[in-house]
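Model the following, please.
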Amino acid sequence: MRLKKLCAFIITIALVIGTSFSTTIANAAKPKLAQSVTVLRVKDKTTLKIKNYKKKTKWSIKSGKSYISLSSKKKSSVVVTAKKSGASNKVVTAKVMAKAGSKKLYATFTILPRYKMESTEKTALKNVIKSLKSGSDISNNLYSEAQYKWDTAGHLVGLNWSSKELNEASIDLSAFPYLETVSLGENEAIGSVILTGLTKLSSLRVSDTQITTLDLSTNTALRTVDLSGTGIATVDFSKNLLLDSVKITDNSAIKSINLSNHTALTKLYCYNNDVLTDVNVSGCTALKELKCYNNVLLTSLVLNGCTSLAELKAYGNTSLEALDVKDSTNISKVVVDEKTKLDNASSSIESAVQTYDPDAEEDEEDDEIIDDEDDFTDYGLDEDEEDEEDDEDDESYDEEDDGDEV
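Have a look, this model is predicted:
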């Protein structure tokens, strides 16, 4: 009897161990490529890596031999370089195969043409980068899709240096008259930026910098601007009549915001400003959303002619005694302090009023009026690779076909 029990116990343990081992094998991570689709411009390069595979990987080009090359082949990675685009600068695709044992994995590369840069702007940008590069994270690669955007004529139209640890007190961008988008936010060392002559500039972000003055008089195409977290004391918007969205929050110096008669304006965020005393949006007939709260010194908020206003948050303005909302008949939500009087409020406005309750009010989410990703695309390229000619060709290929034109 004891022998039978012992045998049964041994069999049970063996089954448990066997099942556990099989489960471990089944759940083991399978080899896979770190990226399956990548966009490259001619001469750009990127490192393709394989995950969950420790043995030697065989790398080869499955299709598009004419368009890409492989170099620096290693056990778990290979460098892919775009050699050329299609005839007449057509966009083409190429495919790389990674053979991990008996498993074949594929990565597709879309090859875009290498556009020319206007020589004066290219030189000027190199000079600016050189002056800023020390200690910063800006890229030397002028084709970096994440930081620079060029149009088909070779003009610089987009610059994204947000959160790049720029350490220069002043940045002069007047050499780039075709710039449409400039993002310099979250660089605390920046003290000033020169935007003179940028008549095509439509989007500007300089939030969380040490900028104290800003001249926007020549930026007549400006549509969105974010000046939050700066020390700007005054800003003149009188020449920026196309403005759609403005954000000035968490500012320690600005006392007055005048956007009167900006008929294209739809959003204004101006909250948590230490010394702001008056805001004028009279005649802003397209204004729909106004967040103007926690400005403890605010005494005047002019809303005359704001006929499209739908949402108004004006709580926490402890010095503001009254608001005249006679023209804002389309308001569907008003949040104010209990002591703030609404003059000339219709019955519909009164029904939309919510008294601010600091215990019940949810934390405000950060209001982004400018999204860097809308204008810039990070394709995962090697950012600091300098422009250079291909120095290594493929050693072997599985296929000889030339890829597909898109």
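
okay, CA-based contacts and neighbour counts for the rest of this
OK.

Okay, helices next: where are they in the stretch 251-400 of the chain?
347-352, 372-375 (DSSP state H, counting those that start in this stretch).

and the first one, what other elements does it pack with?
With contacts defined as 3 or more C-alpha pairs under 8 Å, 6 or more residues apart in numbering; DSSP states H and E, the packing partners of helix 347-352 are strand 333-336.

Just checking: what are the partner strands of the strand it packs on?
Strand 333-336 has its sheet partners listed here by DSSP bridges as strand 311-313 (parallel), strand 353-355 (parallel).

just to revisit the earlier point, worst average pLDDT in the helices of the stretch 251-400 of the chain?
With a mean of 54, helix 372-375 has the lowest mean pLDDT of the helices of the stretch 251-400 of the chain.

OK, contacts around residue 180?
Counting by C-alpha atoms under 8 Å, 6 or more residues apart in numbering, residue 180 makes contact with 157-158, 198, 200-203.

mind putting those residues in CSV, secondary structure and distance to residue 346 included?
Below are these laid out as CSV (DSSP: H, G, I helix; E, B strand; the rest coil; distance: C-alpha to C-alpha, whole Å):
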residue, secondary structure, distance to residue 346
157, strand, 47
158, strand, 46
198, coil, 44
200, coil, 42
201, coil, 41
202, coil, 37
203, strand, 37
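
Would you mind writing the PyMOL command to select the buried ones in those residues?
Selecting only the buried members of the contacts of residue 180 in PyMOL, with burial defined as 16 or more other C-alpha atoms under 10 Å, works like this:
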select buried, resi 157+158+198+200+201+202+203
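
can you put the contacts of residue 180 in JSON lines and add distance to residue 258 and pLDDT?
Output for the contacts of residue 180, formatted as JSON lines (distance: C-alpha to C-alpha, whole Å; pLDDT from 0 to 100):
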{"residue": "157", "distance to residue 258": "29", "pLDDT": "96"}
{"residue": "158", "distance to residue 258": "28", "pLDDT": "97"}
{"residue": "198", "distance to residue 258": "22", "pLDDT": "98"}
{"residue": "200", "distance to residue 258": "23", "pLDDT": "98"}
{"residue": "201", "distance to residue 258": "21", "pLDDT": "98"}
{"residue": "202", "distance to residue 258": "19", "pLDDT": "98"}
{"residue": "203", "distance to residue 258": "19", "pLDDT": "98"}
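
quick one: the residue lying closest to residue 50 once chain neighbours are set aside from residue 76, how far?
Leaving aside its sequence neighbours, residue 50 sits nearest to residue 33 (C-alpha to C-alpha, 6 or more residues apart in numbering; 4.4 Å). Plainly put, residue 33 is 10 Å away from residue 76 if you go by C-alpha to C-alpha, to the nearest Å.

For the two, list the residues in contact with both.
Shared contacts of residue 33 and residue 76, defined by C-alpha under 8 Å, 6+ apart, comprise 49-51.

Which one of the residues you listed sits in the busiest neighbourhood?
For the shared contacts of residue 33 and residue 76, the largest number of neighbours (other C-alpha atoms under 10 Å) sits with residue 50, at 20 neighbours.

which SS state does that residue fall under?
Assigned by DSSP: H, G, I helix; E, B strand; the rest coil, the conformation of residue 50 is strand.

Help me confirm that it comes into contact with residue 30.
No - checked against C-alpha atoms under 8 Å, the pair residue 50 and residue 30 is beyond contact range at 10.3 Å.

list residues touching both of those two?
In the contact map built from C-alpha under 8 Å, 6+ apart, no residue is linked to both residue 50 and residue 30.

Great, nothing more from me.
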